[in-house]
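In: What follows is a predicted protein model with its sequence.
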Amino acid sequence: KASYAKRKGPVPSDEELIKRFKQSRATRVGMLGRVEFKLGKNAAAQRLLEESYAVNPNVPAVSGALGELALKAGDEAKALNYLIPTRLTGKAPETSAAALETIYRKNHNGSLDGFEAMLDTEYRKRFPSPIQPVAFKPMEARSDRLVLAEVFTGSGCPPCVGADLAFEAAMERYGTKNLAVVMYHQHIPQPDPMSNPDTQARYKFYKPVGVPTYFVDGGPVMCVEDGKPVECSGDNRDGAKDIYGHIQLTVDRELVSRAEAQLKVDASLAGSSVKVTAAVSGVKSDSKDLKVQVLLLEKELRYSGENGIRFHPMVVRAIGGEKDDGFALAGAASFDQTFDLDKISAGLKSHLDDYEAHPTRGEPFKFTEKKDRIDPSKLAVVVFVQDAKSKRVLQSAYVDLNPQPAPHVTTESPAGSK
């Protein structure tokens, strides 16, 4: 307290100082408990780990060790209460992950069938969305624009949680007739098995300072700090509501802004190929830097990343065009793009294998799971016209590629809107 007073700063209360002390102590006590556990001194380990867990239950190494101790003591129910949330953090120690699988196999005839589905259910139960969006009702001034949100994120990025959840809520609120969201995964700050060279090239195009960063129709979403407008960034789960509010204001504003081009997109899935034809007309820009971008997305991937997010929507798997960088546009034109799913999957695997062999930070590691396989039943296509210089998006279109019951889908930008 004297130190704070000497610096003429606000002096914390006794309660705040005690809280800080306990948090600091919990980290060290947890480490000591793990040491005792490794040495086989289970009673001492139990006491220390429980003290640490009581202060901070969100340390996977601590909760995992408690789960393993409970299993050794024969208390499977208690072990599951520790081991399941530990696994869902994406940072479970190998021994803790193995302990959870041991319990599951024991109660399922030695099989792991249904194991991931069980984790899905537990995730939804334990980590519900903090946002309950209200369905969007088009305003009288609704234009013919389909708004595009581009989100740069990472499965190992803690502050990306708030942004990811906020955009998931926005997708639920607006639906794909009003808002198309695309997620460009990056190896920031941890390696991300959903990243690829195309999404990394897109990151270089926008030149953000990190993740999460997001743009609506090519412009940043703005927040206010200390009375000044700044680009919105990320936060934890509790901060998702605030981010969502700023996204809603931005999207609502764009929905009354008329499109500066018209798009008609035909897309079909046949075997392992996705064929896309995009026709552009009615361009209301004299820019010499216009491009048509064609993106192949997987509507949902399941992966428990280090930031605790398990379900990842609208993951960009490939970008079409010349050198995977879109098609140059001059006036009305039509463009054809074919995505070979087998070739894309092979490229994704090659990228992840190479990243393991040559990590950018020089630290050896192995992906716990490589998301290189593409599920044809979960594909979508997003096409948009963009001024590559100003970044402004003129218009977008979204196609949900569902081969059953209809193998061929045609979509246009919102038609007939005023």
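Out: Thanks, I have it. Numbering: from 1, shown residues only.
In: Only C-alpha atoms from now on, for both contacts and neighbour counts.
Out: Will do.
In: For stretch 286-301, give me every contacting residue.
Out: Applying C-alpha atoms under 8 Å, 6 or more residues apart in numbering, the contact partners of stretch 286-301 are 182, 311-321, 325-330, 337, 339, 374-375, 378-389.
In: hmm, which of those are the buried ones?
Out: In those, burial by neighbour count holds for 182, 311-321, 325-329, 337, 339, 374, 378-388, counting by 16 or more other C-alpha atoms under 10 Å.
In: Mind jotting down where the helices sit in the stretch 251-400 of the chain?
Out: 341-357 (DSSP state H, counting those that start in this stretch).
In: Over to the stretch 101-250 of the chain?
Out: Per DSSP H, counting those that start in this stretch, the stretch 101-250 of the chain carries helices over the ranges 115-126, 160-174, 197-206, 240-255.
In: okay, these, which one's buried deepest?
Out: Of all the helices of the stretch 101-250 of the chain, helix 160-174 has the most neighbours on average by mean count of other C-alpha atoms under 10 Å, namely a mean of 23.
In: Counting by contacts, list what that one packs against.
Out: strand 179-185, helix 240-255 (3 or more C-alpha pairs under 8 Å, 6 or more residues apart in numbering; DSSP states H and E).
In: Output that helix as CSV - backbone C-alpha positions only.
Out: Extracted in CSV, the C-alpha atoms of helix 160-174 (Å, rounded to 0.1, in the frame of the first residue of the first chain):
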residue,chain,number,x,y,z
CYS,A,160,-10.3,-14.2,-30.9
VAL,A,161,-12.9,-15.9,-28.8
GLY,A,162,-14.9,-12.7,-28.3
ALA,A,163,-14.8,-11.9,-32.0
ASP,A,164,-15.6,-15.4,-33.2
LEU,A,165,-18.6,-15.7,-30.9
ALA,A,166,-19.8,-12.2,-31.9
PHE,A,167,-19.7,-13.1,-35.6
GLU,A,168,-21.5,-16.4,-35.0
ALA,A,169,-24.3,-14.5,-33.3
ALA,A,170,-24.3,-12.1,-36.3
MET,A,171,-24.7,-15.0,-38.7
GLU,A,172,-27.6,-16.2,-36.6
ARG,A,173,-29.2,-12.8,-36.5
TYR,A,174,-28.9,-11.9,-40.2
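In: From one end of stretch 278-288 to the other, what's the distance?
Out: 19 Å (C-alpha to C-alpha, to the nearest Å).
In: Just the ones of the contacts of stretch 286-301 in strands?
Out: Among the contacts of stretch 286-301, the ones falling in strands (DSSP state E) are 182, 311-319, 327-328, 337, 339, 379-387.
In: Kindly provide the distance from residue 306 to residue 192.
Out: 9 Å.
In: no, scratch that, I was asking about residue 15
Out: For residue 15 relative to residue 192 (C-alpha to C-alpha), the value is 40 Å.
In: Neighbour count: these two, which is higher?
Out: Counted by other C-alpha atoms under 10 Å, residue 15 and residue 192 do not tie: residue 192 has more neighbours, with 25 against 9.
In: what's the burial count for the residue nearest to that one when sequence neighbours are not counted?
Out: Closest residue to residue 192 apart from its sequence neighbours, by C-alpha to C-alpha, 6 or more residues apart in numbering: residue 155 at 5.8 Å. For residue 155, the count of nearby residues is 30 (other C-alpha under 10 Å).
In: Now for residue 155: which residues touch it?
Out: 185, 190, 192, 304-309.
In: which two of these lie the greatest distance from each other?
Out: Within the contacts of residue 155, 185 and 308 form the most distant pair, 15.1 Å apart (C-alpha to C-alpha).
In: Who has more neighbours out of the two?
Out: Legend: neighbour count by other C-alpha under 10 Å for residue 185 and residue 308, higher for residue 185 (27 against 22).
In: and stretch 53-60, how far from the chain's centre?
Out: Here stretch 53-60 is found 24 Å from its chain centre; the criterion is C-alpha atoms, centre = their mean, to the nearest Å.
In: Cheers, nothing more for now.
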